[in-house]
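K.L.:
following is a predicted model, sequence given first.
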Amino acid sequence: MKDKFYTYIQQLQDTITSKLEEVDGKASFKEDIWERPEGGGGRTRVIENGDVFEKGGVNISGVHGELPKSMQTYFGVADADFFACGLSLVLHPKNPMVPTAHANWRYFEMYDKTGTIVDQWFGGGQDLTPYYLFEEDAKHFHTICKSACDPHHPDFYDTYKKRCDDYFWNAHRDEARGIGGLFFDYCKATNEMTMQDWYNFVTAVGDSFLTSYIPIVLKRKDLEYSTVQRDWQEIRRGRYVEFNLVHDKGTLFGLKTNGRIESILMSLPPHVQWRYDHQPEKGSDEERLIQVLRHPKTWI
């Protein structure tokens, strides 16, 4: 399964980066192939200073070795080895009318000292962080998410949409990071779902990403915007940074397993503002966004 999924994410990385370069029309991805001293490595691809994407990364990795003590304590195991692979992407567009996108699809195995698999699971999801809210875009994104889920289980969309709303919650701000999407983790074999079934589901979600996001980018990338709107984008990007550094499990896992710091922090935007006690004007588009972030909506 690990070889099968790693092959899949290699191909998906190629598909996504090719499409993003086509949409941007100016910038191309810089590739950085790296190795992890403890075992494994990855292929980082970063795009910067494009016509559409100010900064973006589409990274794959496959790492293995002894599970660090901090993670052994977290999982409640001793003397375990692991393998983890996945694709992570974050896209920060230049135009504040285009939302930031995040996605991740991953697979994990844990072994005892004889090399026997003692646990395995899939995880992942995809979500949007808009700076200005276009409800038709939110509905489109969530419709594609639901279409990817429905063939695999009738409850998956509702369940994983709720988990996304719960997970991407900046508790210290009492607001969501964005308008959500899907979030699933620890997807293990059951009487109802085999690991092959989970593979089919996760790859269907991965394959749906470009369909969910690119039409929104094409619709909004050439809209005019003001300096005030750009400032708002950078202020909201600050909340994105706060979530990733304070709450995100993937970031914390990478830091605790001696992950490659450049790849882990690839998700951070290049231009951000933190203004003291900034409040949007009453009745403004900015305040309308905040109201939705404080009370997650059912979009479809």
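P.N.:
It's in. Numbering: from 1, shown residues only.

K.L.:
for the residue of the chain positioned farthest from its centre, what is the enclosing helix or strand?
P.N.:
Relative to the mean C-alpha coordinate of the chain, counting by C-alpha atoms, centre = their mean, the farthest residue is Thr114 (33.8 Å). Under the assignment given by DSSP states H and E, Thr114 is not contained in any helix or strand.

K.L.:
tell me the pLDDT at it?
P.N.:
Confidence at Thr114, expressed as pLDDT, is 88.

K.L.:
ok, Thr257 next?
P.N.:
pLDDT, Thr257: 69.

K.L.:
gap between the residue farthest from the centre of the chain and Asp81?
P.N.:
Going from Thr114 to Asp81 by C-beta to C-beta, to the nearest Å gives 10 Å. Every residue, glycine included, has its C-beta placed from N, CA and C.

K.L.:
and for Lys26?
P.N.:
Lys26 sits 44 Å away from Asp81, going by C-beta to C-beta.

K.L.:
and Glu66, by the same measure?
P.N.:
6 Å.

K.L.:
over to Trp299?
P.N.:
Distance from Trp299 to Asp81, by C-beta to C-beta: 41 Å.

K.L.:
more neighbours: which of these two?
P.N.:
Neighbour count, other C-beta atoms under 10 Å: between Trp299 and Asp81, Trp299 has more, with 19 against 16.

K.L.:
before we move on, which element is the nearest residue to that one once chain neighbours are set aside in?
P.N.:
Setting aside the residues directly before and after it, Trp299 is nearest to His142 in space (C-beta to C-beta, 6 or more residues apart in numbering), at 4.1 Å. If you go by DSSP H and E, His142 is part of helix 135-149.

K.L.:
alpha carbons only: can I get that helix in CSV?
P.N.:
Listed next in CSV are the C-alpha coordinates belonging to helix 135-149 (Å, rounded to 0.1, in the frame of the first residue of the first chain):
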residue,chain,number,x,y,z
GLU,A,135,-20.9,32.5,-1.9
GLU,A,136,-21.0,30.9,-5.3
ASP,A,137,-17.3,30.0,-5.0
ALA,A,138,-17.9,28.4,-1.5
LYS,A,139,-20.8,26.4,-2.9
HIS,A,140,-18.8,25.3,-5.9
PHE,A,141,-15.9,24.1,-3.7
HIS,A,142,-18.1,22.2,-1.3
THR,A,143,-20.1,20.7,-4.2
ILE,A,144,-17.0,19.2,-5.6
CYS,A,145,-15.9,17.9,-2.2
LYS,A,146,-19.3,16.2,-1.8
SER,A,147,-19.2,14.7,-5.3
ALA,A,148,-15.8,13.1,-4.4
CYS,A,149,-17.2,11.7,-1.1
